[in-house]
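> Quick one: sequence and predicted model below, then my questions.
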Amino acid sequence: MKCLKIRNLHASVEGKEILKGVNLDINEDETLALLGPNGHGKSTLLAVIMGNPRYNVTEGSIYLDDENVLEMSVDERSKKGLFLAFQNPSEIPGVVAADFFKGAINTRRESKIKLFEFYRLLENACKEVNLPFEMVNRNLNDGFSGGEKKRNEILQMILLNPNIAMLDEIDSGLDVDAINVVSDAILKEQKEKGTGFLVISHYARLFDLIHPTKAAIMVNGRIVLTGNGDLIKRIDKEGYEWIEKETGVSIKKEDDHSMNRVSIGACATKEAFKNVK
């Protein structure tokens, strides 16, 4: 069973320290919900794990079992079983989606996938995420709606079959039906393949659907609390203020809206449904 182990991880961007000693374990067969106010380092953590060159690791370690992830290139990290679904997937004109998927699959195989096998796999994945099969013949994410881009990220995850999948606000901008599609795909990967998940979300609905086995709260670049699903429920009901009162950890607000009322921390699910009606 694969385990991603993060120890005392420090990382900066343009000289500003964002991660300030992160300690976290993510195992296959489990789903970890990563919570925290906006701007406190959650997306940075995922980017650092995946090897975004914008970020500079100044201290600490990341290991996938006994292999040093920080010594791997981005493509090596992917081949070892790490996957990141972006919060804002890029449009890539000139790159046909099907060609991109096929190339990515072939980098993980000793022999190239046969055309019939590839299209059968691709067709099934499209059905699973409710994307028209014709879209794979378009340029990657080019002209896709926000929801289509997010479902396309999940489609890639299905095709690449990672050991550890990191999802950065995969539910943002999705309507209720699309969130159900995404959550069903996550649950299927959990049940059938034993995929481990590290999931960032500001909405309680996704966590209600995918049933995280663990939860961690990040504040000011550190993991300050870990627990189970009860921790998610408390954050959704009470917000983050109680953390400061009970642990003494200072929560610095970026602005008056840093703990958004339409996010985990203030009954996000109820607010989201009000907006849908």
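Yes, it's here.

> Please count neighbours and contacts with C-alpha atoms only from this point.
OK.

> all helices of the protein, in order?
In the chain, helices defined by DSSP state H lie at 42-50, 74-79, 97-106, 115-129, 146-160, 176-193, 204-210, 229-238, 241-247, 268-276, listed in chain order.

> Nearest to residue 135, out of those helices?
For residue 135, the closest of these is helix 97-106, at 7.9 Å, according to C-alpha to C-alpha.

> ok, and for that closest one, which residues are buried?
Along helix 97-106, these residues count as buried under the neighbour rule (16 or more other C-alpha atoms under 10 Å): 97-98, 101-102, 104-105.

> Which one of those residues is nearest to residue 19?
Taking C-alpha to C-alpha as the measure, residue 19 lies nearest residue 104 of the buried residues of helix 97-106, at 30.2 Å.

> ok, residue 70 - contacts?
When contacts are counted by C-alpha atoms under 8 Å, 6 or more residues apart in numbering, residue 70 touches 49, 51, 61-63.

> Let's see which of those end up in strands.
Filtering the contacts of residue 70 for membership in strands, criterion DSSP state E, returns 61-63.

> what would the residues you listed look like in TSV with distance to residue 141 and neighbour count?
Conversion of those to TSV gives the following (distance: C-alpha to C-alpha, whole Å; neighbours: other C-alpha atoms under 10 Å):
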residue	distance to residue 141	neighbour count
61	34	19
62	31	22
63	32	17
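
> Residues in contact with stretch 168-179: which ones?
For stretch 168-179, contacts defined as C-alpha under 8 Å, 6+ apart pick out 43, 46, 84-87, 146-147, 150-151, 182, 199-203, 206, 276.

> Any idea how far apart the tips of that stretch sit?
Chord length of stretch 168-179, first to last residue, is 14 Å (C-alpha to C-alpha, to the nearest Å).

> Can you pull the poorly scored residue ranges out of this structure?
For the chain, applying pLDDT under 70 flags the ranges 252-277.

> so how far is residue 104 from the residue of it most remote from its centre?
Ranking residues of the chain by C-alpha distance from their mean position (C-alpha atoms, centre = their mean) puts residue 116 at the top, at 30.5 Å. Residue 116 sits at a distance of 16 Å from residue 104 (criterion: C-alpha to C-alpha).

> got it, and residue 234?
Residue 234 sits at a distance of 40 Å from residue 104 (criterion: C-alpha to C-alpha).

> coming back round to it: dump the ones in strands among the contacts of residue 70 to a markdown table, plus distance to residue 229.
Conversion of these to a markdown table gives the following (distance: C-alpha to C-alpha, whole Å):
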| residue | distance to residue 229 |
| --- | --- |
| 61 | 27 |
| 62 | 25 |
| 63 | 26 |
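
> Which one of these is nearest to residue 92?
Out of those, the one with the shortest distance to residue 92 is residue 62. That distance is 29.9 Å, counting by C-alpha to C-alpha.

> List the beta-bridge partners for the closest one.
residue 6 (DSSP bridges).

> Just to check, it is in contact with residue 77?
No: counting by C-alpha atoms under 8 Å, no contact exists between residue 62 and residue 77, whose distance comes to 11.2 Å.

> any residues in contact with both of those two?
Common neighbours of residue 62 and residue 77, counting by C-alpha under 8 Å, 6+ apart, are residue 69.

> Looking at the buried residues of helix 97-106, which two lie furthest apart in space?
Checking the buried residues of helix 97-106 with C-alpha to C-alpha, the most distant pair is 97 and 105, at 12.4 Å.

> Tell me, how many residues neighbour residue 208?
Residue 208 has 14 neighbours, counted by other C-alpha atoms under 10 Å.

> who's in contact with it?
When contacts are counted by C-alpha under 8 Å, 6+ apart, residue 208 is found next to no other residue.

> can you tell me how far it sits from residue 229?
Relative to residue 229, residue 208 is positioned 9 Å away (C-alpha to C-alpha).

> Now do residue 69 against residue 80, distance only.
The gap separating residue 69 from residue 80 is 9 Å, by C-alpha to C-alpha.

> When these two are compared, which one has more neighbours?
A side-by-side neighbour count of residue 69 and residue 80, using other C-alpha under 10 Å, places residue 69 first with 23 against 17.

> Quick check: the gap between that one and residue 79.
Plainly put, residue 69 is 11 Å away from residue 79 if you go by C-alpha to C-alpha.
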